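A.B. asks: give me the fold of what follows.
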Amino acid sequence: MIPTPSGKKDISARIEQIRQRYGKDLVILAHHYQTDSIVSHVDFSGDSLELARRIPDISARHIVFCGVFFMAESACLLARPGQQVYLPDHKAGCRMANMARQNDVERILTVLKDSGRSVVPLAYVNSSLAVKAVVGRFGGAVCTSSNAVRMMEWALARADSVLFLPDQNLGMNTADLLGIPGSQQFLIDIAGKTLQSPEARSARILLWPGYCPTHALGMLPSHVQEFRRAHPGCRVLVHPECTPDVVDLVDGAGSTAYLIKETEKAALSGREKVLCIGTEYHLVNRLTKRFAGTIDVRPLVKATCPNMEKITLPKLLATLEGMEQGEGAVTVDESLKSPARQTLVRMLEHCKPAQAK
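C.D. replies: Residues are numbered from 1 along each chain as shown. Model (predicted):
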């Protein structure tokens, strides 16, 4: 049950008491899209790539992940024996991830393989563990928005074409960065009826018809145009889950890590008065407060992720208080674990940070 202390301060105080009691045996992680109230209680915050890289080095027995379900599943795949991963709300899913179902992905990849085509699947990390397992069995890997270019290059070096899923927009924006023309990109249908068309057979990038509602539906070309009219000459930066027609209008597109670093550089240079960021509002609002008085960081749109918002302070406290009883624990199907984990390992191995000389 969710505890009901007398107020937010009481909940926060209780969370900190539990953190102190567990010490090094507890680590709390949060994605950048979490609210400030959650981020204030975590050990590390980051984007999907940063957090995935953290997991293998964590020795704590308890890992609490404040994010959505596929992120907690990925943490389970990378955790050590004896470690347990918890998610404060198992209903915190991902609408984009739900657009690619295990059976559909396996069927499409089987059809492609049986047709004699050389295709490597590349799954955005925003996908279920079951889908990752299918991708792993077909020799593929996962990527994040931070390393999509590198991982698409990795996949193209291993096959004539790539099936990118489930985010069609990240797939198109990444292909564009690699100079792959639109004529060599093809949006498939989930039923697979278009796979044998001349356009599909000649495409280097086959795109799954999925998208992030927060970025793809919440951030439109008209929003960019309105901001530019109000602030002539100001830069606009967005996340690559936005549609290509939005990305074409802005000054840069990249992961949450990219957006944070660009904001930091702009604040340090002092040459810009206003900077517009197009991504989930909780992150933008955090940047706005962080750099207040240095640079005016404004959201393109105040669009939030409803699933990220399902992680609340009362739910975090309930998870912490119930850890010893296994409340909030995330488990994964052992039969899927090995091939799914391989997709993450392939990504982490290929995208290892350069060693300092």
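
A.B. asks: check contacts around the residue lying closest to residue 100 once chain neighbours are set aside.
C.D. replies: Nearest in space to residue 100, with sequence neighbours left out and distances taken as CB to CB, 6 or more residues apart in numbering, is residue 166 at 3.6 Å. All C-beta atoms are positioned from the backbone trio N, CA, C, and that covers glycine. Going by CB atoms under 8 Å, 6 or more residues apart in numbering, residue 166 touches 96, 97, 99, 100, 123, 124, 126, 127, 131, 208, 210.

A.B. asks: among these, name the ones in strands.
C.D. replies: 123, 124 (DSSP state E).

A.B. asks: would you say residue 297 is within a helix?
C.D. replies: No - Residue 297 is assigned strand when assessed by DSSP: H, G, I helix; E, B strand; the rest coil, not a helix.

A.B. asks: looks like it contacts residue 291 (just checking).
C.D. replies: Yes - when contacts are counted by CB atoms under 8 Å, residue 297 is listed as touching residue 291 (5.7 Å).

A.B. asks: pull up the overlap in contacts between those two.
C.D. replies: Residues touching both residue 297 and residue 291 comprise residue 263, with contact defined as CB under 8 Å, 6+ apart.

A.B. asks: quick one on the thing from earlier: now the contacts of residue 166 in JSON lines, with pLDDT and neighbour count?
C.D. replies: Shown next, in JSON lines, are those (pLDDT from 0 to 100; neighbours: other CB atoms under 10 Å):
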{"residue": "96", "pLDDT": "97", "neighbour count": "28"}
{"residue": "97", "pLDDT": "97", "neighbour count": "25"}
{"residue": "99", "pLDDT": "97", "neighbour count": "21"}
{"residue": "100", "pLDDT": "97", "neighbour count": "25"}
{"residue": "123", "pLDDT": "98", "neighbour count": "29"}
{"residue": "124", "pLDDT": "97", "neighbour count": "28"}
{"residue": "126", "pLDDT": "95", "neighbour count": "27"}
{"residue": "127", "pLDDT": "96", "neighbour count": "30"}
{"residue": "131", "pLDDT": "98", "neighbour count": "29"}
{"residue": "208", "pLDDT": "98", "neighbour count": "27"}
{"residue": "210", "pLDDT": "98", "neighbour count": "24"}
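
A.B. asks: any idea which of the contacts of residue 166 is closest to residue 45?
C.D. replies: Of all those, the one with the least separation from residue 45 (CB to CB) is residue 126, at 17.6 Å.

A.B. asks: related to what we said a few turns ago, can I get the contacts of residue 166 in TSV including distance to residue 64?
C.D. replies: Formatted as TSV, the contacts of residue 166 follow (distance: CB to CB, whole Å):
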residue	distance to residue 64
96	23
97	21
99	27
100	27
123	25
124	24
126	20
127	22
131	24
208	31
210	28
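
A.B. asks: of the contacts of residue 166, closest to residue 186?
C.D. replies: Set against residue 186, the nearest of the contacts of residue 166 by CB to CB is residue 208 (10.9 Å).

A.B. asks: give me the beta-bridge partners of the residue nearest to the closest one when sequence neighbours are not counted?
C.D. replies: Computed as CB to CB, 6+ apart, the closest residue to residue 208 that is not its neighbour in sequence is residue 165, at 3.4 Å. According to DSSP bridges, the partner residues bridging residue 165 are residue 123.

A.B. asks: tell me the pLDDT of the residue nearest to residue 100.
C.D. replies: On pLDDT, residue 166 comes in at 98.

A.B. asks: again, but for the one 4 residues further on
C.D. replies: Model confidence at residue 170, given as pLDDT, is 98.

A.B. asks: A strand includes it, no?
C.D. replies: No - assigned with three-state DSSP, residue 170 falls outside any strand and is helix.

A.B. asks: if we ignore the residues flanking it in sequence, what's nearest it?
C.D. replies: Using CB to CB, 6+ apart, the closest residue to residue 170 is residue 240 (5.2 Å).

A.B. asks: mean pLDDT per helix and strand in this structure: which one sits at the bottom?
C.D. replies: Using mean pLDDT, DSSP states H and E, helix 48-54 stands out as the lowest-scoring helix or strand of the chain, at a mean of 87.

A.B. asks: pull out the buried residues from it.
C.D. replies: Neighbour-count burial for helix 48-54 flags 48, 49, 50, 51, 52, 54 (criterion: 16 or more other CB atoms under 10 Å).
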